[in-house]
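J.: need a structure here:
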Amino acid sequence: MNPLAIDLNETIEHRSPVVFSLLSKRGKQAYFPSKGILAQAAEAKTKAINATIGEAVEDDGSPMRLDVIAKNIAINPKLSFPYAPSYGRPDIRETWKKMLFEKNPALSEKDISLPVVSSALTHGLSIAGYLFVDEGDTLYMADICWDNYSLIFSNGYGAHLENFNLFNGGRLDLDSMREALVDGPIGKKIVLLNFPNNPTGYTPTIDEAKGLIKVLTDSADKGNHLVVILDDAYFGLVYEEGIECQSLFAYLADLHSNILALKLDGPTKEDYVWGFRVGFMTYGIRHGSKELYTALETKTAGAIRGNISNVSNLSQSLLHAAYQSAEYSAEKQGKFDLLRDRYEMVKKTLADHPEYQEWFEALPYNSGYFMCVGLKHGLDGEMVRQILLKEFDTGLIFISNVLRVAYSSVSKNVIPQLFENLYQACKRS
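T.: You can find the predicted model right below:
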């Protein structure tokens, strides 16, 4: 094992034996090459002659670039063409941390890590698997979920996926979650939570969130060591009163010394920049120290360095500039209002057509980009989807035995026709 990894492991084990026990074999071996090429390049950064880093420069010292590309980029070339640090740019990491506290008042006064920049959420999930999942480990998550989880954690890292029920009688099934996380043998528990949920568009009520936190607390009190991965891709898009608007990370970050919370989020959905591929990985645990968090950030950056090297500097620069803009908040609110109007149209359409309930019913939904319908009379969801494509010029997603409706991608005035098409397709199947 590399001596740098050994040093990090000793720091983590000293500061939190629980966190050390949660690391995978790869996670224990992870380190950042702080004494290699990067360190030598940093030492030479201010020198008159710097022949260290693998970037090309113009004769004036600015980044070498093609005009056919540079003419379409308005920002300083130094903020777009060179590599970004594997940790992410320091300015956007600090800014995102500040924004986390603004968005989640319950985080006030709590110590959390400085976010590390990933190449959006999927990459963050994969790095979480790298650091915490060994082959054969069990990962607990809801039965209605994004199908990419299987590709990442099962196919990629050999995890066994064990599902608890997301719903029971129109509410979050906390009993099923309790059975999975509290009952049974004591040991390492890897938990993945995704709210607003993809595909259902559901976020727990305030009371349900308290119940969920109680389940995790009881599991930790029993002696389990938990790493709770929070896929917060759709954070902030909550459309109803009484729904938990803060990330569960705000409550888990210092909940228990046996619970390491890892928040994965980013601007992909929050700021409508799907192709920018920027995300953030932030850690929190009760009695977390600067030394512990720095070691976790270093291992995370090392995993990123050995995986993709670093995340797009241009994307980080564009986003950071946006976050400093006086127009940012108002423009973001405008897009939120647009999505909420579409959500309200979905609700109205279903309420105006009780006859639809003969063939399908909506699963609970209140947030995000999506809602789902469960089919009745034993209808084949894939068959219904094919009929919609071929006969009604309409596309939906069939996933987890439900049909997912992405109202985020449909104009408000088209939504009534969408559900009428679904109704007619069900009748023909």
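
J.: okay, and the helix or strand of the chain with the least pLDDT?
T.: Of all helical and strand segments in the chain, the minimum by mean pLDDT, DSSP states H and E falls on helix 37-43, at a mean of 84.

J.: Domain-wise, how is the protein divided?
T.: Using automatic domain parsing, the domain parsing of the chain gives 3-32+86-323, 328-428.

J.: so which of these is the most packed in?
T.: Each of these was scored by mean neighbour count; the highest is domain 3-32+86-323, a mean of 20, by mean count of other C-beta atoms under 10 Å. The way it works is simple: take the backbone N, C-alpha and C, and place the C-beta from them, glycine included.

J.: okay, how far is it across that one, tip to tip?
T.: End-to-end distance for domain 3-32+86-323: 39 Å, by C-alpha to C-alpha, to the nearest Å.

J.: Report the distance from that domain to the chain centre.
T.: Averaging C-alpha positions (C-alpha atoms, centre = their mean, to the nearest Å) puts domain 3-32+86-323 7 Å from its chain's average.

J.: Wait, Arg34 touches Leu4, no?
T.: Rather than Arg, residue 34 is Ser. Yes - the pair Ser34 and Leu4 passes the contact test of C-beta atoms under 8 Å, sitting 6.6 Å apart.

J.: shared neighbours of the two, which are they?
T.: Counting by C-beta atoms under 8 Å, 6 or more residues apart in numbering, Ser34 and Leu4 have no contacts in common.

J.: Can you name the residues in contact with the least confident helix or strand of the chain?
T.: With contacts defined as C-beta under 8 Å, 6+ apart, helix 37-43 is touched by Pro33, Asn50, Thr52, Ile53, Ser86.

J.: Ok, stretch 150-168 next?
T.: 24, 122, 125-126, 129-130, 133-145, 149, 172-173, 175-177, 179-181, 190, 192, 197, 200, 202, 363-364.

J.: Okay, and which of these map to helices?
T.: Thr122, Leu125, Ser126, Gly129, Tyr130, Tyr149, Asp175, Ser176, Met177, Glu179, Ala180, Leu181 (DSSP state H).

J.: Contact partners for Asp254?
T.: Asp254 sits next to Lys110, Asp111, Gly284, Ile285, Arg286, His287, Gly288 when contact means C-beta under 8 Å, 6+ apart.

J.: got a pLDDT number for it?
T.: pLDDT recorded at Asp254 is 96.

J.: One more: Tyr31?
T.: What the model reports as pLDDT for Tyr31 is 97.

J.: Thought Lys299 was touching it, still the case?
T.: Yes - Tyr31 lies in contact with Lys299 (C-beta under 8 Å); the separation is 6.8 Å.

J.: what residues are shared contacts of those two?
T.: Common contact partners of Tyr31 and Lys299 (C-beta under 8 Å, 6+ apart): Ala5, Leu8.

J.: Leu319 reaches Ile92, doesn't it?
T.: Yes - if you go by C-beta under 8 Å, Leu319 and Ile92 touch, sitting 6.4 Å apart.

J.: any chance of the domains of the chain in TSV, with distance to Leu79 too?
T.: Formatted as TSV, those follow (distance: least, C-beta to C-beta, whole Å):
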stretch	distance to Leu79
domain 3-32+86-323	4
domain 328-428	18
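
J.: Let's test this: mean pLDDT of stretch 349-369, rounded?
T.: 98.

J.: Sorry, wrong one. I was asking about stretch 182-201.
T.: Mean per-residue pLDDT for stretch 182-201: 97.

J.: got the end-to-end distance for that stretch?
T.: This stretch, stretch 182-201, spans 26 Å end to end (C-alpha to C-alpha).

J.: now do stretch 385-399
T.: Distance between the boundary residues of stretch 385-399 (C-alpha to C-alpha) amounts to 11 Å.

J.: Look at Ala297 and give its secondary structure.
T.: Slight slip there: residue 297 is Glu, not Ala. helix (DSSP: H, G, I helix; E, B strand; the rest coil).

J.: From what I see, it and Leu114 are in contact.
T.: Yes - with contact defined as C-beta under 8 Å, Glu297 reaches Leu114; the gap is 6.1 Å.

J.: and Ile229, that's in a helix?
T.: No - counting by three-state DSSP, Ile229 is not part of a helix but strand.

J.: give the contact list for it.
T.: Residues near Ile229 by C-beta under 8 Å, 6+ apart: Leu125, Ala128, Phe132, Ile190, Val191, Leu192, Leu193, Leu262, Leu264.

J.: so how far is Gly124 from the residue nearest to the first one when sequence neighbours are not counted?
T.: It refers to Leu125. Leaving aside its sequence neighbours, Leu125 sits nearest to Ile152 (C-beta to C-beta, 6 or more residues apart in numbering; 5.1 Å). The spacing between Ile152 and Gly124, counted by C-beta to C-beta, to the nearest Å, is 10 Å.
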